[in-house]
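Peer 1: okay, here's the prediction I keep looking at, along with the sequence it came from:
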Amino acid sequence: QVQLVESGGGLVQAGDSLRLSCAASEGTFRNYDMGWFRQAPGKEREFVATISWSGSRTYVGDSVKGRFTISRDNAKNTVYLQMNSLKPEDTAVYYCAASRVGSLIRVKVTEYEYWGQGTQVTVSS
């Protein structure tokens, strides 16, 4: 079982940037495709981005396309979410998640087996 710990959240102003990190406890980190999701108060958890085990394949959601980038460093067991041009509507708790390697791009909450505890991102206008 892999444990995930997110960090890097905080309070920023609209237009600022943040980089979230998610550190995995397991040495077989490369056995997992990774994803980022977010959840705002009163809303369902929303897909943000995903990356394949090798990092060769990435996909981001329409609401963050062109502003957010996902990457990973398998030597450090860490996945990142670079968030640029932040908007107040990006305010949410951000979660990273892990799914055993497969051939499909996963965008659903139910497709991920392991989850971190989340990190709060607040964007003021």
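Peer 2: Done, it's in. Keep in mind that what you see is a predicted model, and the values were worked out from it rather than measured. Numbers count the residues shown, from 1 in each chain.
Peer 1: residue closest to the middle of this structure?
Peer 2: Nearest to the mean C-alpha position of the chain, by CA atoms, centre = their mean, lies residue 36 at 2.3 Å.
Peer 1: where does it sit, in terms of helix or strand?
Peer 2: Using DSSP states H and E, residue 36 sits within strand 32-39.
Peer 1: how about that strand: buried residues?
Peer 2: The neighbour-count check on strand 32-39 (16 or more other CB atoms under 10 Å) flags 32, 33, 34, 35, 36, 37, 38 as buried. Just so you know, the C-beta spots here come from the backbone N, C-alpha and C atoms, and that holds for glycine as well.
Peer 1: what do you get for stretch 50-69?
Peer 2: Quick answer for stretch 50-69 (16+ other CB under 10 Å): 50, 51, 52, 53, 60, 61, 64, 68, 69.
Peer 1: now the terminal residues of it, how far apart.
Peer 2: 9 Å (CA to CA, to the nearest Å).
Peer 1: now what about that stretch, what contacts it?
Peer 2: Contacts with stretch 50-69, where a contact means CB atoms under 8 Å, 6 or more residues apart in numbering, come from 30-36, 46-49, 70-72, 74, 79, 81-86, 89-90, 101, 105-107.
Peer 1: switch to 6 Å and redo it
Peer 2: 30, 33-35, 47-49, 70, 72, 82-85, 101, 105-106 (CB atoms under 6 Å, 6 or more residues apart in numbering).
Peer 1: equivalent analysis for stretch 33-42, please.
Peer 2: Residues from elsewhere that reach stretch 33-42 (CB under 6 Å, 6+ apart): 45-53, 79, 81, 92-99, 101, 112.
Peer 1: now those residues: which count as buried?
Peer 2: By 16+ other CB under 10 Å, the contacts of stretch 33-42 give 45-53, 79, 81, 92-99, 112 as buried.
Peer 1: got the buried residues for the helix or strand hosting residue 21?
Peer 2: Element membership for residue 21, per DSSP H and E: strand 18-24. Residues of strand 18-24 classed as buried by neighbour count (16+ other CB under 10 Å): 18, 20, 21, 22, 23, 24.
Peer 1: residues in contact with the fourth one?
Peer 2: Contact partners of residue 22, counting by CB under 6 Å, 6+ apart, are 4, 6, 79, 96, 116.
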